[in-house]
Structures are given as C-alpha cells and as structure tokens.
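Student: here is my input, please return the structure:
(chains A and B)
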Amino acid sequence: MSTVNRVKDILRSPARLYLVAGLALAALSLIQIWTGANDITSDGASGATLRFSIPLLMAGLGGLWSERAGVINIGLEGMMIVGTWMGAWFGFKSGPWVGMLAAAIGGIIAGLLHALLTVRIGIDQAVSGLAINLLAYGTTRFLSGVYFPPAGGDILTSPYVKPIALFTVPWLSPHLISLEHKHYFFISDLAGIIAGLITRTSWASLLLMMALPLTIWILWRTKFGLRVRFSGENPVASESLGVNVYRTRFIAIAVSGALAGLGGAYISVVSTGHYLENQTAGRGYIGLATVIFGNWKPMGVFAGAVLFGWTDALRIRQSDSVHATLLAVVAIAVIVALIKLYQKKFKVAIISLVCGSLVLFYFFAQKVVPDEFVTFFPNLTTIIVLAFLSQRLRPPAMAGAPYRKGEE
Amino acid sequence: MTQKKWFWALMAPLASVIFSIGLTSLILLLKGASPFGTFKVLWDFGSQGSNLVSEVNQTVAYYLAGVAAAIGFKMLLFNIGIDGQYRLAVFFAAVVGAQVHLPPVLHVLLIMTTAVVVGALWASIAGYLKVKRNISEVISNIMLNTIASGLITYLLQPTRLGYNLPGSNNSQTPPVPKSGWLPSFHIAGGNLYSYIFVAIAIGALYWVLLNRSVFGFNLRATGMSFRAARASGINAPRMIFITMAISGGIAGLTGIGEMMGNTHNYSLSFPNGYALTGLALALIGRSSPIGIAFAAFFWSFLEGAAPALDLYGVPVEIVTVMQAIIIISTVVSYELVKRINLLQQQRLVGAAAVESTTKEAVK
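Tutor: Alright, predicted model coming up:
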C-alpha cells in the first residue's frame, strides 16, 4: 500500500513532467530502433521543432494572456499577420532586430484595437477578433502592393531581410552530435535533442523563449499578474476590490498582441527570411488550440506548442517518421486503457483500446500517413482533448463573457 | 417608438458605410490616389450589365451563408464553421451527383439533399460538443474548419475521389451529368443561375420559421433568455443542437448554386471565407431576411467591382480593408445605438417615476 501511495505522490508532484518526458523519450527511442526511422529525435529534427514551435508558443502565450484577463482573442491570426509584415518590411529597411521591434509594436496596435472594441465599447469578442483578422489580411495585402514592388519584391513577397546571427555552443555541441551518431538507446536520443537546441540556433529563438518564464513569473508571481487573472475569473469582484479591470485587460491584450506579433515576425524574419503571403497559415488558430490543450497554463501551452511544432517539423522533414510515431499513439492508448481499467472506468478503457487497435491496424496497412492528416493533427487533438477531457479543463471563469463596469 | 426603431435600424448601417468610405478615402489620399476617381471606377465597373449578373449570383451564395449565420445568432450561436460545412457539402454533393443518373428534377433534389445533410451532420459535431460537453462552438468550429479542409484535400487526390484533367495539376471531382444541372437565364450578357429561387425560398422559410412557428418562438425565447425558456418547459440544449444543425444545413446549400449552375464539379477553386462573410452579413443585416439580402448585394457589388481598380492603379485589397472597416463600424454603431436607447428608456422610466410620485404628493 505504501509503495502505491509513494507512486501516487510522485505522479502528483511537479516531477511527473520529467517522468512523462523521460518515458516518452524512451518510447520514441524504442520506436526508432524497431522501425529504423532515425529522424524522430535527431539534432536536425530537434532544431526544426524549435523553429516550428516558437511561433506557436508565442501565439499560444498571447492567447493565454488575453484569456486569463477574460477576453478571447480570435484576432491572434491577424496579429501574427501584422507581425510577419512589419517584421519583414522594417527588417528589410533597418535590420532584423528593428523588424522584430516593429512587429511587436504592430501587434500591440492590433491588440489595443481589439481591447478598445471588446473592453471599452463592448462588442462581441469573436466578431471583433474576426474583423481584426480580415482587417490585417486586407491591410497587409494593400501595403504589400504599395511598398514591395518598388523595393525589389512583388505583391506577395517582400525582399529578403538580413538574417539574425546564429550561435552554437562550443565544445558541447560537437560532442553531443558525435554521441548521437553512436545510436545508444536513450542516451543518443537525448544527446540529439539537446544538440539540436544548441547548434546553429538563432539568437531570436533564445530571446523569444524568454517569453515563457517571463509569462509564468509575471502572471503567477506579481501583483499585476494576480490582477490580470482576477479580471478573468471574476471582474465584478475584482472591480469591487479596487482593480481597474478595463485598464488591466487593455494591458493584457496589448501584451497578447505583442507576443503574437513577435511570433509572426519570427516566421518571416527567422524561418523564411522574407514575407510571403499567408505564411502564418492558421498558426494563430493553432495558438488558440495550444491554450486549450495546455489547460490555460503556460507550461501546458509550451507542451502543446512543442507537440504541434514537432509534428509539423516531422511532416516537412521525413514522412516516414510520422508513420513511426503512430506506434507512440498506440502506446498512449494502451496506457490510458490500463489506467482506466485500474480505475474501473470500463467504457473509456474500451474506447481507448478500440482507438488504439484502429491506429495499430492503420500502421500495418499503410506505408505513410497522408500529409493532409498531419496538417490537421493539432486541430483534431484539440477536439479530442475537448471532447474527452472537458471536465478536467479549467478555463478562466469569465473568459469570453461580456463585462461592463457597473452593470449586473 | 417603433418609428424611431426603424430610423435607427437604417441610420446605423448607413452611418457606418459613410464612415468607412471616409476612412478609405483617407487611406487612398495617403497613397496618392483620388478617392472620388476610385469610387467612380468601382461604381462604373460594378454596374455594368454582365458584372451585375455575376454579382447577383454571388449575392445568392452570400445570402445563404448570411441566413445560416443569422439562425445561429437567434440562438446566440456563433457558427464560424460555415466554411467547413459548405465546402464539405459541395464536395460530397458533387461526388454523389456525379455517381448517379436520375431524371432531371430528382437528380437536382438529390444533390441539394446531400448538401443539406452533409452540412447539418458536420455542424452537429459542434452542436453535440456544445450541448453535451459545454464547449464553445467558436473553438470547435475553427478546429473543424481545418479538419474539413484537410479531409477534402485528402479525398480529392486523383487516386481517391477526384481526378486530374490531362496536363493539369488541379484535382477536381468528376463532372455531374446534365440531369443534375440547374438552368441559367441569359440576361444582359451574363448567366443568371435559377438557383436564386432557392435562396428566395430559404429566405421566406427562414422568416416563416422564425415568426410563424412554435419552433421559431422557442428559438427566439431561448436566445433571449436561457433560464426563462427553461422555466417555461423548452428543452434548451435540444434547441441549441437543432439550431446548429439547421444552420449547418443552410450553410451546406451555399456553394451549390455555383456548382449546379456553373462548374458542375468540385475543385479547390471554391473559396474559403464564407463563414466570416456570412457572419458579417448577418450582423450588418441584423439577422433580418431582407436586411441580409441588401447587405449581401452590397458585399458582392464591392467584390465584383474591385478588379477594375488594378487598371486604375489602386490595389484591389482596398475593398477588403473597406469591408473590415464596415464590419467593425456597423457593429460598434449598433452597440452605441443600443446603449443610447437603453439610456433613453431609463430616462423615460425615471421621468415617469418622478411624475407619479409628485402626483401622489399633490393628492
């Protein structure tokens, strides 16, 4: 009994994150040995995952800030579009860092518009968000037509931005890569993943990653952060305790816009080096999805961004790897089924087992997972999470609800 | 009081159109183009006979999307899944339509029924999640839109349900035989789809359903007050589910006019973005069957006229900017009017209260 309790204690403590991560890595390692797909945890895949995850992380944190303050931000996509454009144009004009700054400012302006419409005037939050997306799309296209052709681009693409410098951690990086090529179980995979993060990494990645600890610190460790979360949980009560809900929400949505804008700029300035129309490709919406997937917590958003970024990276690099990871899905289904059996929830256990065997069947029946399915993997995951775990999710109580000072 | 309501209902959108024209003119001036010239080019090109006909065809599609959104609004549902619903519906309608050979009228009916059923089924996923799992329909529909796009691209591959024309890379579904076509009228050098009658019928049905049926009464009651509806015995979750399905069914009809009147197959040229347009039109037209029609025509006119701007040296996208400004300013002006009316009512009530107390004091 005591061992069971001890295991339960470990499972409840924050250490379970490491446990889960370790188990996942071990599982992936096994899968690579069985299937011979060796790109799942290579340094290249890990670096690509970082590059694909950061825009999602920024959008997700943006969504988190806004929803924690009580306003749903469907305009994230539009704010990212503004960021890609501003980043590319001002990056081309005055250097990449100025571009990043301009993107943040553009995002803040779009965020303030969303705040003005939803908080001050009080129109529906979804309407405002969608209108901002349309406005951002139209305005950037209009401005592309005006500014890009004379500068050497065309209506759909901007001229190239000077790249942001890369860094490689000396000594550690080459040693890790040589360790990775030895193909030891687990150790090589871990080495590959770490090597990917510290080899030829953009300084911008490092800088933007800081948004995660900063968000955690501000929202959960400062007075201002408490006010932000309070405004999202119970604006009436927080107003009565002297919090200026309108101002708090304005600031939170502005931060949300800045983060989304930076995420957009990362795509245009760092990932591709120039602006391409529609290059955000719905990442703002996937950002919203990471917020739900992550249960409105920063580390959860981070996990969602990494998971969705990783599938994106695998899809582009090697579709065999995606096929191999189906086995991981099967493993998860079996584990869930076992846990549910232990808890005597037979219905869920059976559903989980059936899903698992379907995936297993698909794994043997087909050689590849179609690209199209991988594209909507984040969206499907979110629907499944929402459908099966909605009782466990804890969104801010008043996110999305209209609030007028002095009414009700 | 009713007169005043009408006045505000017309003034608010008019004011926002004027506001957006003003703001757009400012943008044009900053760019160095003449606003007057730009709007004249838009008007001249948009009101040419054949362009007008294609604008009316587009109006029909937008109108159906608008009605689909409006039914949702009556229930406080924000059906942003219209995109996925309509594209899946056209896709499957085209696939089914190409597989069968039936007498003309039956064939057309089969295609339309398929579209309605597919749209309604896809929408009811979001409806189910909303009712049973209490998940915002906005989020689930956004996710479902992307899933629908992925499913369509997957099924449209030449090895599956689609095929490629020789020498082309664009996949499309096989053509629907002639018995599944809808006739067009040749007017002013253009082809006006007879599908316009379907849109009119749907508009009329929408009005009857809402104003002359028990279901419509329950719908409006639930939309106005969830608790009151529940207290009077309306099964509100069931109403939400059904409304979502109806909205999806009408959304399913959105692209059928283009498919049966013009392309006779499904390809990726069916555009995305009907959800946003439909919602915008329902907002601007205040969910009224007539209002949505005017708004839909205005929208299609702007878009139909836009290509002329390229020749005039103004980026076409100024029209998108203008549309976004119109959406924002209309919604804002409705909100302000609502606030003003509320204030006036409160003032009236206050005045009446003062009057009655003074009367009592005199007595």
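Student: list the buried ones in whichever strand or helix holds A:Gly60?
Tutor: Assessed by DSSP states H and E, A:Gly60 sits inside helix A:43-68. Across helix A:43-68, burial judged by 16 or more other Cβ atoms under 10 Å in any protein chain shown covers A:43, A:45-68. All C-beta spots, glycine's among them, are computed from the backbone N, C-alpha and C.
Student: is there proximity between it and chain B?
Tutor: No: residues of helix A:43-68 contacting chain B under Cβ under 8 Å from any Cβ of the partner chain: none, with a closest distance of 10.7 Å.
Student: what's downstream of that helix, the next helix or strand?
Tutor: Once the chain leaves helix A:43-68, the next helix or strand it forms, by DSSP H and E, is helix A:76-94.
Student: contacts for the helix or strand that A:Leu380 is a member of next, please.
Tutor: Using DSSP H and E, A:Leu380 sits in helix A:377-389. Residues from elsewhere that reach helix A:377-389, judged by Cβ atoms under 8 Å, 6 or more residues apart in numbering or on different chains: A:285-286, A:289-290, A:292-293, A:304, A:307-308, A:311, A:348, A:393, B:129, B:133, B:135, B:139-140, B:142-144, B:146-147.
Student: what about the closest residue to chain A within chain B, how many neighbours?
Tutor: Residue nearest to chain A within chain B: B:Thr320 (3.0 Å; Cβ to the nearest Cβ). Neighbours of B:Thr320 under the rule other Cβ atoms under 10 Å in any protein chain shown: 20.
Student: show me what contacts it?
Tutor: By Cβ under 8 Å, 6+ apart, B:Thr320 lies in contact with A:Leu134, A:Tyr137, A:Gly138, A:Arg141, A:Phe142.
Student: which one is the fourth one nearest to, not counting chain neighbours?
Tutor: The reference is to A:Arg141. B:Glu317 (3.9 Å; Cβ to Cβ, 6 or more residues apart in numbering or on different chains).
Student: need the pLDDT of the one you found.
Tutor: Here, the pLDDT recorded for B:Glu317 equals 84.
Student: ramachandran angles for it?
Tutor: As for B:Glu317, its main-chain torsions (degrees, to the nearest 10) stand at phi -70, psi -10.
Student: what is the burial count for it?
Tutor: B:Glu317 has 21 nearby residues by other Cβ under 10 Å.
Student: let me see the contact set for it.
Tutor: The neighbours of B:Glu317, taking Cβ under 8 Å, 6+ apart as the test, are A:Gly138, A:Thr139, A:Arg141, A:Phe142, A:Gly145.
Student: could I get the phi/psi values of the first one?
Tutor: A:Gly138 adopts backbone torsions of phi -70, psi -40, taken as degrees, to the nearest 10.
Student: which pLDDT value belongs to the closest residue to A:Ala45 other than its chain neighbours?
Tutor: Take A:Ala45 and drop its neighbours on the chain: the residue closest to it by Cβ to Cβ, 6+ apart is A:Asp39, 5.3 Å away. Predicted confidence (pLDDT) at A:Asp39: the value is 72.
Student: right, and A:Asp39 touches A:Arg317 too?
Tutor: Yes: using Cβ atoms under 8 Å, A:Asp39 is in contact with A:Arg317, at 5.9 Å.
Student: okay, the closest residue to chain B within the stretch 1-150 of chain A: pLDDT?
Tutor: Per Cβ to the nearest Cβ, A:Gly138 is where the stretch 1-150 of chain A lies closest to chain B, at 3.0 Å. pLDDT, A:Gly138: 88.
Student: just the one 5 residues further on next, same as before
Tutor: The model reports A:Leu143 with a pLDDT of 88.
Student: just checking, what packs against the helix or strand hosting it?
Tutor: Counting by DSSP H and E, the element that carries A:Leu143 is helix A:125-147. Packing partners of helix A:125-147 (3 or more Cβ pairs under 8 Å, 6 or more residues apart in numbering or on different chains; DSSP states H and E): helix A:76-94, helix A:96-115, helix B:274-284, helix B:318-362.
Student: the third one close to chain A?
Tutor: Looking back up the chat, that one is helix B:274-284. Yes: using Cβ under 8 Å from any Cβ, helix B:274-284 reaches chain A at B:Leu276, B:Leu279, B:Ala280, B:Leu283.
Student: tell me how many other residues crowd the third one.
Tutor: This points to B:Ala280. Considering only other Cβ under 10 Å, B:Ala280 is surrounded by 28 other residues.
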